[in-house]
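**Student:** Provide a 3D model corresponding to the input given below.
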Amino acid sequence: MPKGDIVAGLDIGTTKVATIIAEVAHEGGRVDILGVGTAPSQGLRRGVVVDMERTIGAILESRDKAQRMAGAEIRSVVVGVTGEHIASVNSKGVIAITHPDRQVTDEDVARVMENSRVIVLPPDRDIIHAIPRGFTLDGQSGIRSPVGMSGTRLEVETHIVTGATTFLRNVAGCVERAGLVIEDMVLEPIATADAVLMNAEKDLGVALVDIGGGTSDIAIYQNGDICWSGVVPVGGVYVTRDIAAGLRASLEEAERIKLEHGTTQLIGAGTGATFTYNHVGSDEEATAKAELLAQIIEPRMHELFTLVRAEINRSNYAGRLPAGMVVSGGGAMLAGARDLAEAITGLPVRIGFPGGVGGLGESVSSPSFATGVGLVQWGGRLHAGSERGETAGGFFAAVREWIRRVLRGA
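**Tutor:** As a prediction, this is how the structure comes out:
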């Protein structure tokens, strides 16, 4: 039986739902993977729920598979969220330190964080994250933790992520109807960054691209903190659909073809190489050239990375990414994806594999599980932070209260 706390991450994607169960050691916070379960996802489109019953069924199937592997039951999960409705902005908060001794307390940090969350939002949007990027005390910037320091004016710059209330409510409703309690909602590229980025990359400046099924998420880090996040409306499922249309194959067969024979570059397709597949409407196998498959795949992947380049340019951080770009998610495993990304963005690129976990870590070593791994790592810190009474605990409590309010239909 597990000896530490049990945490679970739920990655509800356009093509698959993945549940990862892990154990967090009480000492050291080590995260060990206990079980993994996946199920086909047919209830989402571009990160938005379009069929609640199918989404609930996929959540239950992936949960049951993970529980059987782990030999443990879960009642709560950390849920990843994404979609075109996600937006972000950087905001500042300022407060005066009025204690006689002028020492900054946890309450002061909570107060300045709350002040930074006061932004003009349309009534149909809610804040998912308010992540501190750094504190300034009496003009001294770059402070990571001001508690215990003396001063009269405390400032914080936060990265605020918002989402459409109705879309978030639908995701929360599916999880609740599956019999699970939401511990926290986390923007998926932030979770993925926890699993695949090195601290040195975050310090230097790096862009993470998480290629999902319906969308691709972007997170830019600099000086150790997130400074930009965004979503582009192209993902791996569009490549699959292009293959299905071009070869007249089912979506299931097109996905198999993509994984086994797909490449983004004609030069890597192999002159004269062919493959066989099942043709829609025929009992006989069809044959196609690998070059034809590359001609189908390359334009869509070119479009994806062109949109990524435009989003990075829009962030105004394009010239400040010496660590380059890290590409993760299921689409990262497509042959030639790294080279194409480098050619289009002009940045050095590596493929991001999830790490930093033990136990059955090899079962989640593919980039397609990077978000799920990041979610359980986030859950591990959530448990540890709550136990130690850190300032982050108050923020997490506020998020959980927001989730409860959403589920009540407030």
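**Student:** Phi and psi next, for the residue nearest the centre of the chain.
**Tutor:** Geometric centre of the chain, nearest residue: residue 188, 1.8 Å, by Cα atoms, centre = their mean. Phi and psi for residue 188, reported as degrees, to the nearest 10, are phi -60, psi -40.
**Student:** which residues of the stretch 301-410 of the chain fall in strands?
**Tutor:** Using DSSP state E, counting those that start in this stretch, the strands of the stretch 301-410 of the chain run over residues 325-328, 349-351, 358-359.
**Student:** Single out the most deeply packed of those.
**Tutor:** strand 325-328 (a mean of 28; mean count of other Cβ atoms under 10 Å). For the C-beta atoms, the positions are set from N, CA and C on the backbone; glycine is no exception.
**Student:** what sits up against that one?
**Tutor:** Residues outside strand 325-328 that contact it (Cβ atoms under 8 Å, 6 or more residues apart in numbering): 192, 195-197, 201, 206-211, 337-338, 341, 345, 347-354, 367, 370.
**Student:** Export whichever helix or strand residue 167 is part of to CSV, keeping only CA atoms.
**Tutor:** According to DSSP states H and E, residue 167 maps onto helix 165-177. C-alpha atoms of helix 165-177 as CSV (Å, rounded to 0.1, in the frame of the first residue of the first chain):
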residue,chain,number,x,y,z
THR,A,165,-16.5,30.6,-17.4
THR,A,166,-19.0,28.4,-19.4
PHE,A,167,-16.2,26.3,-20.9
LEU,A,168,-14.5,25.9,-17.6
ARG,A,169,-17.8,25.0,-15.9
ASN,A,170,-18.4,22.3,-18.5
VAL,A,171,-15.1,20.7,-17.9
ALA,A,172,-15.6,20.9,-14.1
GLY,A,173,-19.1,19.5,-14.5
CYS,A,174,-17.8,16.4,-16.4
VAL,A,175,-15.2,15.7,-13.7
GLU,A,176,-17.8,16.1,-10.9
ARG,A,177,-20.3,13.8,-12.6
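**Student:** Quick one: distance of that helix to the chain centre.
**Tutor:** Computed by Cα atoms, centre = their mean, to the nearest Å, the separation of helix 165-177 from the middle of its chain amounts to 17 Å.
**Student:** helices or strands up against that helix?
**Tutor:** Judged by 3 or more Cβ pairs under 8 Å, 6 or more residues apart in numbering; DSSP states H and E, helix 165-177 is in contact with strand 5-12, strand 48-49, helix 52-70, strand 76-81, strand 125-137, strand 181-187, helix 391-407.
**Student:** what about the longest helix that the chain contains, distance to the chain center?
**Tutor:** Longest helix in the chain, counting residues (DSSP state H): helix 290-315. Between the centre of helix 290-315 and the centre of its chain there are 20 Å (Cα atoms, centre = their mean).
**Student:** Flag the shaky bits of the stretch 201-350 of the chain, pLDDT-wise.
**Tutor:** 267-271 (pLDDT under 70).
**Student:** Just the buried ones from the contacts of strand 325-328?
**Tutor:** Among the contacts of strand 325-328, those buried by neighbour count (16 or more other Cβ atoms under 10 Å) are 192, 195-197, 201, 206-211, 337-338, 341, 345, 347, 349-350, 352-354, 367, 370.
**Student:** ok so, going back, of all the helices and strands packed on helix 165-177, which one comes closest to residue 38?
**Tutor:** Closest to residue 38 of the helices and strands packed on helix 165-177 is helix 52-70 (Cβ to Cβ; 5.5 Å).
**Student:** that older thread, Serialize the strands of the stretch 301-410 of the chain to CSV and add fields for distance to residue 247.
**Tutor:** Listed next are the strands of the stretch 301-410 of the chain as CSV, based on distance: least, Cβ to Cβ, whole Å:
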stretch, distance to residue 247
strand 325-328, 26
strand 349-351, 26
strand 358-359, 40
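**Student:** of all the ones you listed, which lies closest to residue 135?
**Tutor:** Across these, closest to residue 135 is strand 325-328 (Cβ to Cβ), at 27.3 Å.
**Student:** quick check, distance from that closest one to the centre of its chain.
**Tutor:** 12 Å.
**Student:** For it, which strands pair with it and how are they oriented?
**Tutor:** Next to strand 325-328 in the sheet, as set by DSSP bridges, lie strand 206-211 (parallel), strand 349-351 (parallel).
**Student:** Residue 95 should be in a strand, yeah?
**Tutor:** Yes. According to DSSP: H, G, I helix; E, B strand; the rest coil, residue 95 belongs to a strand.
**Student:** what number of residues lie near the residue found closest to it once you drop the neighbours it is linked to in the chain?
**Tutor:** Spatial nearest neighbour of residue 95, excluding adjacent residues (Cβ to Cβ, 6 or more residues apart in numbering): residue 112 at 4.6 Å. When counting by other Cβ atoms under 10 Å, one arrives at 25 neighbours for residue 112.
**Student:** try residue 137
**Tutor:** Residue 137, neighbours per other Cβ under 10 Å, totals 19.
**Student:** give the contact list for it.
**Tutor:** 104, 143, 146, 149, 151, 153-155.
**Student:** Next, the contact list for the residue located most distally from the centre of the chain, please.
**Tutor:** Here the chain reaches farthest from its C-alpha mean at residue 100, the gap being 43.4 Å by Cα atoms, centre = their mean. Contacts for residue 100 were tallied using Cβ under 8 Å, 6+ apart; there are none.
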